[in-house]
Structures are given as C-alpha cells and as structure tokens.
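K.L.:
Build me a model from this:
(chains A and B)
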Amino acid sequence: NAGVTQTPKFRVLKTGQSMTLLCAQDMNHEYMYWYRQDPGMGLRLIHYSVGEGTTAKGEVPDGYNVSRLKKQNFLLGLESAAPSQTSVYFCASIGPPRVNEQFFGPGTRLTVL
Amino acid sequence: QQQVKQSPQSLIVQKGGISIINCAYENTAFDYFPWYQQFPGKGPALLIAIRPDVSEKKEGRFTISFNKSAKQFSLHIMDSQPGDSATYFCAATSGGSARQLTFGSGTQLTVLP
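P.N.:
Below you'll find the predicted structure:
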C-alpha cells in the first residue's frame, strides 16, 4: 500500500494563478482532511470530507475549494492564489480499523509570489 | 481561538536526558489526545495517544501524563536520543466532530549527541 500520496511535491505560483492539489489514499478510508502548516501555528484544518461526494469547512477555508468525487481522492483548489497561501499543505485520512489515527501524506510546499 | 496551547516552542536536550513537552486544552468535549511526530520534509505520524479515563500511558521511552482536572497533558521522552530530534505536536479531538484534530503549535526538539 502506498498510503496517502500528494501531488505535486513543490509548486511556485504567481499571485492570481490557480492550481489544484491532489490527495490520493489506497486504504479505503472514509474521512479525508486538508491542512496547512505554517511556522509557529501548527496544522490548521482547511476542509474535510466524511465520504464520497461530501465536503465541509474547517478552521481556515477562505480562498480554498475542495471536491471528493471519488472515495480515494480529495482535491484542494486555489482559484486565485495569494501570497498568504504560501504554506506547506498536508492531506490526511482516517478509516477502520484504526479509527482515531490520521495518516498523513508527505506534503506539498507551495510558494505564491 | 487556539484551543490547544503547547509549550515550549523549542527544546534542546542532551543525549540521555528527559524531554518534556506540555499542552493545555479548553474544550471539555475532547476525548482523545494524540501526539504526532514530524521529521523534516515528512508528514506528521502518530506517536502515542491517550484517552481521558487514564492518567498515564507509556510506550517504550515515550509517556503521556494526563491531568483531566487541570485540562493538561504532557509528553515525556526518557533517555532522549539524537534520532528523536523532530517537531512534536499535541492534538485533541472529540467523537462528534468527524474526528477533526485540533493541533498545538508544535515543539521543535533537538537532542544533542
């Protein structure tokens, strides 16, 4: 099993450009999450999904959109990137049998100029 | 509003010493308190976790101490090793919130050889 994978690993955008980050998991997990990690602020939840076709807002959803068209994939979109969205983005998932352990992907480092 | 406060921000310990990281929470609905370990360039990974019905949990050199009345919990790393050098995050979650994790701000631990 590959676990949780994220594409791309690195990306540089100019202000106003758009992009989509892809998260894929092969563990048949129901719940998936997108976080951003900034120095001194820990990980903050952007959006999450409790199943295929469902999404919900987390703590810092503004400027981001998500979609969960397939159970194994969770996409994070930035429609008009801003420098404040420069961050490291992590995807995570949860599922049986370890229903309390979030499995994280390796992260995507995004820089917005 | 930061619901989980973590200290210290950084910690330097000599090899063989004890590393102690503290967290305090506000939401009494939290029912699961994990610690995640993150190495540079990697996603966080679950290290150890505790539920509020016990005061201590030990796994190898890692121990969580939990004080429900004070709403505090801490991670103790005994016989700290250079390989323990990483960033540690405390977190908390409640069952009715799609298992959303609220993270502390992180502690960067450096163990000197």
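K.L.:
Can you tell me which residues in chain A are near chain B?
P.N.:
Proximity of chain A to chain B (CB under 8 Å from any CB of the partner chain) is limited to residues A:4, A:31, A:33, A:40-45, A:48, A:50, A:56, A:58, A:90, A:92, A:94, A:99-102, A:104-107. C-beta coordinates here come from the backbone N, C-alpha and C atoms, glycine included.
K.L.:
Can you list which of these are found in helices?
P.N.:
Secondary structure from DSSP state H places none of the residues of chain A next to chain B in helices.
K.L.:
Which strand residues bridge the closest residue to chain B within chain A?
P.N.:
Distance from chain B to each residue of chain A (CB to the nearest CB) is smallest for A:Phe104, at 3.2 Å. In this structure, A:Phe104 has the following beta-bridge partners (DSSP bridges): A:Ala92.
K.L.:
Pretty sure it sits against B:Gly43.
P.N.:
Yes - contact criterion CB atoms under 8 Å: A:Phe104 and B:Gly43 qualify, at 3.2 Å.
K.L.:
Common neighbours of the two, please.
P.N.:
A:4, A:90, A:92 (CB atoms under 8 Å, 6 or more residues apart in numbering or on different chains).
K.L.:
Skipping adjacent residues, who's closest to A:Ser93 in space?
P.N.:
Spatially, and ignoring its direct neighbours in sequence, A:Ser93 is nearest to A:His29 (3.9 Å; CB to CB, 6 or more residues apart in numbering or on different chains).
K.L.:
Check the burial of that neighbour by counting its neighbours.
P.N.:
By the other CB atoms under 10 Å in any protein chain shown criterion, the neighbourhood of A:His29 contains 21 residues.
K.L.:
What strand or helix carries it?
P.N.:
When elements are defined using DSSP states H and E, A:His29 is found to belong to no helix and no strand.
K.L.:
Columns neighbour count and pLDDT on top of the shared contacts of A:Phe104 and B:Gly43, output as JSON lines?
P.N.:
Formatted as JSON lines, the shared contacts of A:Phe104 and B:Gly43 follow (neighbours: other CB atoms under 10 Å in any protein chain shown; pLDDT from 0 to 100):
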{"residue": "A:Val4", "neighbour count": "23", "pLDDT": "96"}
{"residue": "A:Phe90", "neighbour count": "25", "pLDDT": "98"}
{"residue": "A:Ala92", "neighbour count": "25", "pLDDT": "96"}
